[in-house]
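In: structure of the sequence below:
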Amino acid sequence: METTTPGWGAPQPPKNLPTGEGEVPLAPAPQPKVEVRTMGSDLRSIGEQGGGEPRPYVPKPAAPLSAFPPSTPGSAPSPFIKPAIPFTPPKMGTAGLPAQAGVPPKPPVPSGAPKPISPAPGGTPKSKRGIFLGILSFFVVVGLAAVGYFFIYPMFAGTSAEPVAAPAPVVEVPPAPPQEEPPVIPPVPAEVIAGIDTHTSLFTIPADIRTEATPAPVSVDGLRAALPFDRAAVPLFREVTIKTAEGKVIAFGELAKRLVPGFFTPELLGSFADDATYLTYAAADGTWFGFAVPLKSGVDLGAMQGKIGALQHDPDNRNFFLADPGAEGVWRDGSIKGPPASLVDFATPGATLGYTWLGRTFLLTTNAAAGEETARRLGF
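Out: Okay, the predicted model is just below:
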């Protein structure tokens, strides 16, 4: 009767099974190779290999069965051969392991297969360690590159690492139309004032004072600035020599055509001498201007007397005054020191324009008292 042993669920042969006659003893089941590593085996392995990695110690295999003579019928069984025990393998799982709980034996390892090296306890596999070092190296390189670009490079380049803006689009500007050059205005030539070198006074009775005046420019305003309109408690009669900036005596025609240009035409001025005698008469009512100029030799006196009458209708006749005389009155006939004269009163007290002929000398004054005194000093 067979006896079962709990644990594996497979029937076990009875112990001390005798061997019958004519039966061939069963060969012993192959034993799996078991590698045992100890500290001593590792040290011997390191010494044998010259300091390399330790290798597991493999015990020498048992002698093969062929070393023992086979038993013959009727002979006693060899004490070195263990009786064969039938073995039924348990059911295996998908991974080659026992399906039931328990500690299964390790599968045999072929003698020619490479021996796996178990990692040291607590260590990291080389493959995972290499991946980790590669990733760490990558981040270190990227970090160093970023530090060099954003911090070190700007220190040498002198500019901050800012994103470069896209260039602005090029806009074609149409060429500006050619500008017309302004007309060239020729420079105004300096005014040339005709003058004479010397002056000969017409007064037979010398003036109280003889002075000089240089109007700049030679005009109405220039004359009024050079001969101011003053008042004097005691009348003062002056003879004034009017000169240019160069020191020459201004010819009569140069001054007359600037005071009353519409009346003193070049044709009319051609009948008078260049040297005229100018005067001022200062009194309680102001300073009054006048002059005396002779006709040139051969000029018809009667014809000139008719031409002088046009002065009464010229609006610029007020320019003979050293200050604005006001409104003009009506011309009337009168006399200056006996000879007939033409006179007109203005609104300013004392302003009386009058002219007369003393022989061939034309006399013009702006005050009645000044006219009388001038005629007296001319010898009339």
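In: identify the residues contacting Gly334.
Out: Each residue near Gly334 by Cβ atoms under 8 Å, 6 or more residues apart in numbering is listed here: Pro340, Ala341, Ser342, Leu343, Gly354. Glycine gets a C-beta too; all of them are placed from N, C-alpha and C.
In: beta partners of the nearest residue to the second one once chain neighbours are set aside?
Out: With sequence-adjacent residues excluded and distances taken as Cβ to Cβ, 6 or more residues apart in numbering, Ala341 is closest to Thr356, at 3.8 Å. Here Thr356 shows beta-bridge partners Ala341, Leu363, assigned using DSSP bridges.
In: count the neighbours of Thr356 for me.
Out: Thr356 has 23 neighbouring residues, counting by other Cβ atoms under 10 Å.
In: my read: it touches Pro339, true?
Out: Yes. Look at Thr356 against Pro339 with Cβ atoms under 8 Å: they come within range, at 5.0 Å.
In: picking up where we left off before, now render the contacts of Gly334 as TSV, adding neighbour count.
Out: What follows is those, written out as TSV (neighbours: other Cβ atoms under 10 Å):
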residue	neighbour count
Pro340	10
Ala341	22
Ser342	17
Leu343	19
Gly354	23
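In: which of these lies closest to Ala327?
Out: Leu343 (15.7 Å; Cβ to Cβ).
In: surely the closest one touches Arg332?
Out: Yes. Applying Cβ under 8 Å as the test, Leu343 and Arg332 come out as touching, 5.5 Å apart.
In: list residues touching both of Thr356 and Pro339?
Out: Ala375.
In: for Leu144, pull up the helix or strand it's in.
Out: Assigned by DSSP states H and E, Leu144 belongs to helix 126-147.
In: quick one, strands of the stretch 251-380 of the chain?
Out: 277-283, 286-294, 332-335, 340-345, 352-358, 361-365 (DSSP state E, counting those that start in this stretch).
In: partners of the second one in the sheet?
Out: It stands for strand 286-294. When DSSP bridges is applied, strand 286-294 pairs with strand 277-283 (antiparallel), strand 361-365 (antiparallel).
In: cool, the third one as well?
Out: Strand 332-335 pairs in its sheet with strand 340-345 (antiparallel), by DSSP bridges.
In: pLDDT weak spots in this structure?
Out: 1-43, 45-127, 156-168, 186-191 (pLDDT under 70).
In: check contacts around Asp316.
Out: Applying Cβ under 8 Å, 6+ apart, the residues near Asp316 are Leu259, Val260, Pro261, Gly262, Phe263.
In: and if we set it to 6 Å?
Out: Each residue near Asp316 by Cβ atoms under 6 Å, 6 or more residues apart in numbering is listed here: Val260.
In: for Val170, see how far away it is.
Out: Distance from Asp316 to Val170, counting by Cβ to Cβ, to the nearest Å: 68 Å.
In: follow-up on the earlier one: residues contacting the residue nearest to Ala341?
Out: With Cβ under 6 Å, 6+ apart, Thr356 has these contacts: Ile336, Pro339, Ala341, Leu363.
In: switch the strands of the stretch 251-380 of the chain over to JSON lines; also include distance to Val220.
Out: Converted to JSON lines, the strands of the stretch 251-380 of the chain look like this (distance: least, Cβ to Cβ, whole Å):
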{"stretch": "strand 277-283", "distance to Val220": "15"}
{"stretch": "strand 286-294", "distance to Val220": "11"}
{"stretch": "strand 332-335", "distance to Val220": "25"}
{"stretch": "strand 340-345", "distance to Val220": "19"}
{"stretch": "strand 352-358", "distance to Val220": "15"}
{"stretch": "strand 361-365", "distance to Val220": "15"}
